[in-house]
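Q: Quick one, what's the 3D model for this:
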Amino acid sequence: INMDVDTGLTCGSLTHASLYFDCASGAAWTFQPPSDPDIRAMVIAELYRHTTNGQPTWKLRAVGQGWADGLDGLARAHET
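A: Predicted coordinates:
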C-alpha cells in the first residue's frame with residue numbers, strides 16, 4: 001500500500017482494509033493491516049514459492065511492516 005502524500009492520507013485511513021485469501025483446500029486466511037497514522041507506505045503480505053518435500057508450494061505471509069517516509073523508505077529497505 002502506498003498512500004498519496006499529496007492528499008495527506010496515511011495508513012491511519014485504513015480503518016476497513018483487509019486481505020482475504022481463500023485456498024483450494026478450503027483453508028481461509030484474513031489479515032487486517034494496522035491502522036497507523038504515522039505510516040505512508042506498507043507491505044501487507046508476501047506471496048512466495050517454497051519447496052516442501054521436494055514439491056513447490058505457494059506460501060502467504062502476513063507482514064504489516066510500514067515506513068513513515070513512504071515509498072522512499074520502502075525502496076531503501078529493499079535495495080540490493
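
Q: C-alpha from now on. contacts and neighbour counts both.
A: Fine.

Q: hang on, residue 6 is in a helix, isn't it?
A: Yes - counting by DSSP: H, G, I helix; E, B strand; the rest coil, residue 6 is located in a helix.

Q: and it, how many neighbours?
A: 6 (other Cα atoms under 10 Å).

Q: now do residue 60
A: 13.

Q: these two touch, right, it and residue 45?
A: Yes - using Cα atoms under 8 Å, residue 60 is in contact with residue 45, at 6.8 Å.

Q: Just the element for the residue nearest to residue 34 when sequence neighbours are not counted, please.
A: Of all residues beyond its chain neighbours, the one nearest residue 34 is residue 64 (6.7 Å), with distances taken as Cα to Cα, 6 or more residues apart in numbering. Element membership of residue 64 [criterion: DSSP states H and E] is strand 55-67.

Q: Output the contacting helices and strands for that strand.
A: If contacts are counted by 3 or more Cα pairs under 8 Å, 6 or more residues apart in numbering; DSSP states H and E, strand 55-67 sits against strand 41-52, helix 71-77.

Q: tell me the contacts of residue 43?
A: 1, 63-66 (Cα atoms under 8 Å, 6 or more residues apart in numbering).

Q: Quick check: nearest residue in space to residue 74, chain neighbours excluded?
A: residue 67 (6.3 Å).

Q: same deal with residue 21?
A: residue 29 (5.1 Å).

Q: Wait, that neighbour touches residue 22, no?
A: Yes - in this structure, residue 29 is within contact of residue 22 by Cα under 8 Å, at 6.4 Å.

Q: Spatially central residue for the chain, please.
A: residue 44 (1.0 Å; Cα atoms, centre = their mean).

Q: So it versus residue 31, what's the distance?
A: Using Cα to Cα, to the nearest Å, residue 44 is found at 8 Å from residue 31.

Q: okay, and the common contacts of the two?
A: residue 62.

Q: That concludes my questions; thank you for your assistance.
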